[in-house]
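Starting from these lines, generate the structure:
(chains A and B)
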Amino acid sequence: MGLMQKFFGTSPFGALAEHTKKVHDCVELLGPIVDAFVAADHDKIKELHHQMSKAEHEADEVKTEIRDQISKVFLLSVGKHELLKFLSAQDDVADAAEDFSVIMLLRKTTLPAELKDDFLAFVKQIILVSEHLLGVADELAVLAEVSFEGAVADRVLATIDKISVEEWNADKLQRKFAHHYYSMEDRLDPTTLVFYDRYCRTLGEVANCAEKCAKIMRSLIVGQ
Amino acid sequence: MDFMLFAESVFDIITSHPVLIFAVVVGFYMAWNIGANDVANAMGTSVGSKALTFRQAVIIAAIFEFGGAVLVGSDVTDTVRKGIIDPTDFVATEADPDRPKILLYGMLAALVAAALWLNVATYFGQPVSTTHSIVGGVFGFGLVASPGSVDWSTMGQIVLSWFISPLASGLLAMFVFWLMLRFILRTKEPDLAARRYAPLVVFIVAFILVLSFIYKGLKPMHLGERLKGSALENFAQNSWLGQFLNLTAIDWVALMSAVSVGLLAAIVSWFFIARIAREVTITEDEKFAFVERIFAFLQIVTAGYLAFAHGANDVANAIGPLAAVFEIATTGVVGAEVPVPLWILILGGVGIVVGLIMMGRKVMETVGTKITEITPSRGFAAQFAGATTVLLCSKMGLPVSTTHCLVGAVIGVALSRGIAALDVRTARNIFASWIATVPIAAMLTVMIYGVFWLLFI
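Now for the predicted structure:
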């Protein structure tokens, strides 16, 4: 093989977009999981949890592959440090999503019909945040073409800023949901309340970590 | 008929001096090696990015390597044969009538050592610069045979150029890439911008090529004398424009040829690009894909440019020592102010082309199966910068490594965040052999020279 061909290291952007996709697969599974939860279909939750574990494991494999790859290269067009930080933040997203499915399995908690809309809206918003992040990761290849500056970069940075807004919206929906179930505390047993709290916290964690990913992505693009 | 006579006389000269047969074989083998090993560097990115088929790449490389070697190769050849060590130090004296033989066998030893080292290193997968090998060999011999013969100022210049040429190439690549970003890639309509500027790039490359070979290659045709008393000379000397620009008649010929060939090439390229544009429909998403298609086309041009520059610089590594051996074997004297014989330049050019054709297939197969991480736009920037640097060094008679210039250019683009990443291990290998080649080639040469000395002197 020609020396020049060997001189070029493998580009991490393809694998990075793949990792983001796998992580988003995990987050997307939250949709069917909460649907099964609302329908009180625990077998379905169990099955979806297995899918979640599998997706999370696949994301892990891609992560390891990228880490191996970037240990063999230098003069990356994006910061190595930021790249590793981004990977580990994405890992946290997938972990939080998987945590949620684990908590779902711990106890056969039910959801009163009047809480349903608020809860589903909250989860839907979280998936939306992750979707935007995926869109940004898919643009990395185009960004690389223009060396991360110019009109395309500005557009991507605007999307990143939008992720923060969407995360803030998710926060609001979380609070709305929490207000709602605490207003019903007389009618709910304490353990159920504890579990609603845990759902909120883990789901909030998914959105928070996704936002953190977006922030790291920003410094990845803007550079030093 | 002329050619037959020429070939016969060359044959007679060679066969009447047995040592020359050996030197010709090793020189040809060295040229073969240069063609076989370096073709991947010059053409690889073009084939890898599917800009060229293997056959097209070989044809273009063959034409331009040969052209560069024969037309512009003599400056660097002169440096290798009589610049690094002063041949007048080896003139026959009363006390030592066989002194020229020392230089003869020394040059031969350098050639054999470089070929040997190149093969050993290639076997172990180490990238080796033929330039550094041959310069190291000649220098090592000079140091041992007669330290006073080493031209330290030339040697210093050469070594300095080994630092400066990759650096200059890198800076030029950064500049070229910056221009590409500014005027094409980061504009609102990169596809239209690429179409607009592509013929200009073709013009520039054609202009440089024509200029460089008119000034060098046409010297043997005594253009200056032929133009004596012509209307053009009259124009150059007497018209206000001619006086104002202060150009000679040759300058005018060179400029006019370069401009007209450049314009012709630009017009032809315009049609080619129009054809590419017809083949693809450009949607918003595929603008960059189209831009890359244009750069893939431009890479054909820069690949030819690089092959020309490479031929001009690297042919000396094979035939510089051979030219010295030839001079001593046939005339018995050294250091005469005779130009490098044309047949030796042709021999070097043919050797490079033969190596390229024989080994090219292997290169294509490996390049074709690997997903290349380099896109045509980056390949273009690196090749343009590398070729320009090497050609400039060739004009200054400096033997530099084409590979190192390309490496410098690629690093320049990478520093502009233009390349995803570079391979650490390959960089380490290049650096290690960069350091090791000169001392090893020098020592090998001294050892082989020792053997020759025992046997023949």
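
Only C-alpha atoms from now on, for both contacts and neighbour counts.
Noted.

max-length helix in chain B?
Longest helix in chain B, counting residues (DSSP state H): helix B:287-331.

Could you identify the helix or strand that succeeds the lowest-mean-pLDDT helix or strand in chain A?
Least confident element among the helices and strands of chain A, by mean pLDDT, DSSP states H and E: helix A:3-7 (a mean of 77). Note on helix A:3-7: by DSSP states H and E, the next helix or strand toward the C-terminus is helix A:13-38.

Show me what that following helix is packed up against.
Contacts defined by 3 or more CA pairs under 8 Å, 6 or more residues apart in numbering or on different chains; DSSP states H and E place helix A:13-38 against helix A:42-71, helix A:80-106, helix A:113-138, helix A:140-145.

do that again at 7 Å, thanks
On a contact count with 3 or more CA pairs under 7 Å, 6 or more residues apart in numbering or on different chains; DSSP states H and E, helix A:13-38 meets helix A:42-71, helix A:80-106, helix A:113-138.

buried set for that helix?
For helix A:13-38, a neighbour-count test (16 or more other CA atoms under 10 Å in any protein chain shown) marks A:13, A:15-31, A:33-34, A:36-38 as buried.

Please work out the angle formed by the directions of that helix and helix A:80-106.
What separates the directions of helix A:13-38 and helix A:80-106 is an angle of 20 degrees, with axes from the mean of the first three to the mean of the last three CA atoms, to 10 degrees.

Contact partners for B:A36?
By CA atoms under 7 Å, 6 or more residues apart in numbering or on different chains, B:A36 lies in contact with B:355-356, B:359-360.

Now with 8 Å, please.
Counting by CA atoms under 8 Å, 6 or more residues apart in numbering or on different chains, B:A36 touches B:352, B:355-360.

what's the answer for A:D68, then?
Contacts for A:D68 (CA under 8 Å, 6+ apart) come out as none.

Does A:V78 belong to a helix, a strand or coil?
coil (DSSP: H, G, I helix; E, B strand; the rest coil).

do the same with A:F148
Assigned with three-state DSSP, A:F148 falls in the coil class.

Count the neighbours of it for me.
By the measure other CA atoms under 10 Å in any protein chain shown, the count of residues near A:F148 is 25.

check contacts around it.
By CA under 8 Å, 6+ apart, the residues touching A:F148 are A:221-222, B:417.

And the residues you listed, which of them are buried?
Buried among these (16+ other CA under 10 Å): A:221, B:417.

Reformat the contacts of A:F148 into CSV and put distance to B:L347 and pLDDT next to each item.
Shown next, in CSV, are those (distance: CA to CA, whole Å; pLDDT from 0 to 100):
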residue, distance to B:L347, pLDDT
A:I221, 52, 92
A:V222, 53, 91
B:R417, 42, 92
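
Might you specify the subset of the contacts of A:F148 located within strands?
Judged by DSSP state E, strands contain none of the contacts of A:F148.

out of the contacts of A:F148, who's nearest A:S71?
For the contacts of A:F148, the minimum distance to A:S71 (CA to CA) is 18.0 Å, reached by B:R417.

From the contacts of B:A36, pick the one nearest chain A.
Of all the contacts of B:A36, chain A sits closest to B:G360, with 10.4 Å by CA to the nearest CA.

isn't the closest one right up against B:Q56?
No: with contact defined as CA atoms under 8 Å, B:G360 does not count as touching B:Q56 (11.4 Å).

More neighbours: the two, which one.
Between B:G360 and B:Q56, B:G360 has the larger neighbour count (other CA under 10 Å), namely 24 against 13.

got the contact list for A:A36?
Applying CA under 8 Å, 6+ apart to A:A36 gives the contacts A:42, A:44-45.

And B:W117, by the same measure?
For B:W117, counting by CA under 8 Å, 6+ apart, the contacting residues are B:133, B:440-441.

Between those, which sits nearest chain A?
Among the contacts of B:W117, B:S133 lies closest to chain A (CA to the nearest CA), at 17.3 Å.

quick one on the thing from earlier: got a winner among the contacts of A:A36 for most neighbours?
Result: A:I45 is most packed of the contacts of A:A36 (other CA under 10 Å), 22 neighbours.
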